[in-house]
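A.B. asks: Can you look at this prediction? I've put the sequence above it.
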Amino acid sequence: MRGRTGTGVPAWSMAVAAMLAVQLSNALSVGVIDQVGAAGTAWLRMCFGAVFLWLIARPRIRSVRRKDVPALLALGVATGFMTTFFLAAVERIPLGTAVAIEFLGPLTVASVASRDRRALTWPLLALAGVVLLTEPWRGDIDLAGAGFALLAGTCWGLYNVLTQHVGDRFSGISGLSLTIPVAALATMPVGLPQVIGGDVPWWVLPAAAGIALIAPVIAFGLEMLALHRMTHTAFGTLLSIEPAFGILIGLLVLSQTPTLLQLVGIALVILAGAAAQRGGARPPRPEAGTPAPPAAAKGPMPPPG
């Protein structure tokens with residue numbers, strides 16, 4: 001069946017679950033940000049995530065080819081700074097607004113990657129919804145927060161493309177177990193000073209560990225599995241639902257109430273996301289580490305990490 005994983009779970013449902021998990025982890029991070037800053041929180045999440053993923057996936061370093069290294073490093077850096085910039089945005093502006101602005105990154109990827117002009121209809125509709133969600137005409141948005149959200153969106157767009165590439169090479173979450181340690185190392189120069197200089201009560205480290213289990217471990221793992229089966233365009237536009245999840249989680253966890261106009265924006269982005277995911281399945285691909293069919297193969301694929 002189109003768009004289903006090898007376990008029979010639809011790829012789009014895994015992407016939706018991942019988005020909810022990401023926004024829940026971001027909302028839960030607010031208390032930790034107050035103690036050790038946005039960069040410190042992002043760094044702790046990456047460190048704990050790396051430990052969890054190595055315990056779960058036990059990646060084989062020797063299976064990594066030299067030509068795999070650039071993509072793994074790039075994805076790790078994009079992942080680390082995507083989280084760092086986004087938490088810096090959440091520190092300054094409401095969660096739903098930050099997600100809506102950040103969404104412009106994967107939206108751009110979806111538009112550029114599309115070869116069907118009709119597919120541009122849905123990103124444009126989603127963009128209209130994002131405008132209603134952000135209400136730029138009110139003029140009271142924190143520019144630094146918006147800037148950090150845009151930087152996070154840039155990393156998000158790169159993350160989607162690179163995650164699909166790495167997910168095609170490595171099976172399961174083995175690719176993630178290689179990139180999250182890179183993310184921890186890349187963000188250490190900005191995160192470690194905030195942790196050392198911050199107020200670190202006893203609960204901060206277990207809280208950061210619990211949040212890391214939600215994202216990056218569970219959420220990013222689900223995204224990688226979903227991207228393995230979906231096109232850039234379908235996945236990128238399906239992500240237009242994420243601002244709605246940001247509004248919802250912001251309301252439930254952080255008591256950030258949306259306006260009526262923002263609710264209209266939510267309806268628009270959900271409509272665009274639902275329409276875009278139709279026909280968004282990728283052609284069947286060989287599992288990582290198995291030889292590809294002759295018509296599609298560029299060479300035998302080595303065993304997965």
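C.D. replies: Alright, I've got the coordinates.

A.B. asks: From here on, just use CA atoms for contacts and neighbour counts.
C.D. replies: OK.

A.B. asks: Now do residue 184: how many residues are near it, please.
C.D. replies: By other Cα atoms under 10 Å, the residues close to residue 184 number 26.

A.B. asks: do the same with residue 139
C.D. replies: Neighbours of residue 139 under the rule other Cα under 10 Å: 8.

A.B. asks: quick one, phi/psi of it?
C.D. replies: With angles defined as degrees, to the nearest 10, residue 139 sits at phi 70, psi 10.

A.B. asks: Distance of it relative to residue 98?
C.D. replies: As defined by Cα to Cα, to the nearest Å, residue 139 lies at a distance of 15 Å from residue 98.

A.B. asks: swap in residue 264?
C.D. replies: For residue 264, the distance to residue 98 - Cα to Cα - is 17 Å.

A.B. asks: Looking at these two, which has the bigger crowd around it?
C.D. replies: Using other Cα under 10 Å as the criterion, residue 264 and residue 98 rank with residue 98 on top: 30 against 14.

A.B. asks: ok, the more buried one - contacts?
C.D. replies: Residue 98 makes contact with 86, 89-90, 145-146, 149 under the criterion Cα atoms under 8 Å, 6 or more residues apart in numbering.

A.B. asks: now swap in residue 94 and tell me
C.D. replies: 250, 256.

A.B. asks: Name the helix or strand of this structure that has the lowest mean pLDDT.
C.D. replies: helix 232-238 (a mean of 66; mean pLDDT, DSSP states H and E).

A.B. asks: Show me the helices in the chain, by range?
C.D. replies: Assigned by DSSP state H, the chain shows helices spanning 11-57, 69-90, 95-102, 104-113, 121-134, 143-169, 174-197, 204-212, 219-227, 232-238, 242-254, 260-276.

A.B. asks: mean confidence score for the fourth one?
C.D. replies: Taken as a whole, helix 104-113 has an average pLDDT of 70.

A.B. asks: again, but for stretch 271-279
C.D. replies: Mean pLDDT, computed over stretch 271-279, is 63.

A.B. asks: Check stretch 244-262 too.
C.D. replies: Averaged over stretch 244-262, pLDDT sits at 87.

A.B. asks: what about dumping the CA coordinates of that stretch to PDB?
C.D. replies: The C-alpha trace of stretch 244-262 is given here as PDB (Å, rounded to 0.1, in the frame of the first residue of the first chain):
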ATOM      1  CA  ALA A 244      -1.300  24.000  14.200                       C
ATOM      2  CA  PHE A 245       0.400  21.500  16.600                       C
ATOM      3  CA  GLY A 246       2.500  24.300  17.900                       C
ATOM      4  CA  ILE A 247      -0.600  26.400  18.700                       C
ATOM      5  CA  LEU A 248      -2.300  23.300  20.300                       C
ATOM      6  CA  ILE A 249       0.700  22.300  22.500                       C
ATOM      7  CA  GLY A 250       1.300  26.000  23.300                       C
ATOM      8  CA  LEU A 251      -2.300  26.200  24.500                       C
ATOM      9  CA  LEU A 252      -2.300  23.000  26.500                       C
ATOM     10  CA  VAL A 253       1.200  23.100  28.100                       C
ATOM     11  CA  LEU A 254       2.100  26.800  28.100                       C
ATOM     12  CA  SER A 255      -1.400  28.400  28.300                       C
ATOM     13  CA  GLN A 256      -0.800  30.500  25.100                       C
ATOM     14  CA  THR A 257      -4.200  31.200  23.700                       C
ATOM     15  CA  PRO A 258      -4.600  31.700  19.900                       C
ATOM     16  CA  THR A 259      -6.800  34.500  18.400                       C
ATOM     17  CA  LEU A 260      -9.700  33.700  16.100                       C
ATOM     18  CA  LEU A 261      -7.700  34.700  13.000                       C
ATOM     19  CA  GLN A 262      -5.000  32.300  14.100                       C
END
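
A.B. asks: Run through who's touching stretch 212-227.
C.D. replies: With contact meaning Cα under 8 Å, 6+ apart, stretch 212-227 is reached by 5, 11-12, 14-15, 17-19, 21-22, 25, 45-46, 48-49, 52-53, 160, 163-164, 167, 172-173, 176, 180, 235.
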